[in-house]
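Participant: Coordinates for the following, if possible.
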Amino acid sequence: MLRAPPVLLLLLALFGLGLPPALWGQDSDERAPVVPSKGYRLEQNYPNPPNPDTYIPFYLEEGLFKDGEPRVVTIRIVNMFRQLIAVPKAVGHPRGKDVRVQGLRYTEPGRKVAYWDGRDLNGRRAPSGLYYCELVVGDRREPDLIRIIVANPSKRSRFIPPIFRRP
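Facilitator: Residues are numbered from 1 along each chain as shown. Have a look, this model is predicted:
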């Protein structure tokens, strides 16, 4: 039995394994619908899951600042019931350190970053679970959302089963 040389397998993989062109996904004549830009976007946080803290990047496009006015930005961490859990802090904002991104004014476009230490509004560690981070710019009602999975290490039990106890 003859084996196909690795180069032949690579060429078949690159050129569609002999499938007719109509079945190739990238060559379809239909174009994806163009979604109009809102002028801002929320990017995925890193690290995810938070360990225990995380950075949340977001981008404000130049189109938001055409009139020269500053834009009011709010970032909130909410649970699945949309209850407020935390408000992250701005990183590198002109107003200084530890400024919460709640009604915070930005005067320039570009990539910005917020920081969440993994704590709720009362200063306690947020419990493990699924949270959402939402970005609202101005008075718009359609926030950008990303999922944040919080996975706190489980606490070890102090109970030691009898088979593991030392005599």
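Participant: Report the residue spans of the chain with pLDDT below the cut-off.
Facilitator: Residue ranges of the chain with pLDDT under 70: 1-36, 154-167.
Participant: where along it do the helices fall?
Facilitator: 6-14 (DSSP state H).
Participant: buried stuff in stretch 132-146?
Facilitator: Buried residues in stretch 132-146, counting neighbours by 16 or more other CB atoms under 10 Å, are found at 132, 133, 134, 135, 136, 137, 143, 144, 146. Glycine gets a C-beta too; all of them are placed from N, C-alpha and C.
Participant: Now do it: distance from first to last residue.
Facilitator: Criterion CA to CA, to the nearest Å; first-to-last residue distance in stretch 132-146 is 6 Å.
Participant: outside of that stretch, which residues touch it?
Facilitator: Stretch 132-146 has contacts (CB atoms under 8 Å, 6 or more residues apart in numbering) with 38-45, 56, 58, 60, 64, 71-80, 82, 88, 116, 147-148.
Participant: ok, now with 7 Å
Facilitator: Applying CB atoms under 7 Å, 6 or more residues apart in numbering, the contact partners of stretch 132-146 are 39-42, 44-45, 56, 58, 64, 71-78, 147-148.
Participant: circling back: ok, of the buried residues of stretch 132-146, which one's closest to residue 105?
Facilitator: residue 137 (10.9 Å; CB to CB).
Participant: The closest one - nearest residue in space that isn't next to it in sequence?
Facilitator: residue 40 (4.7 Å; CB to CB, 6 or more residues apart in numbering).
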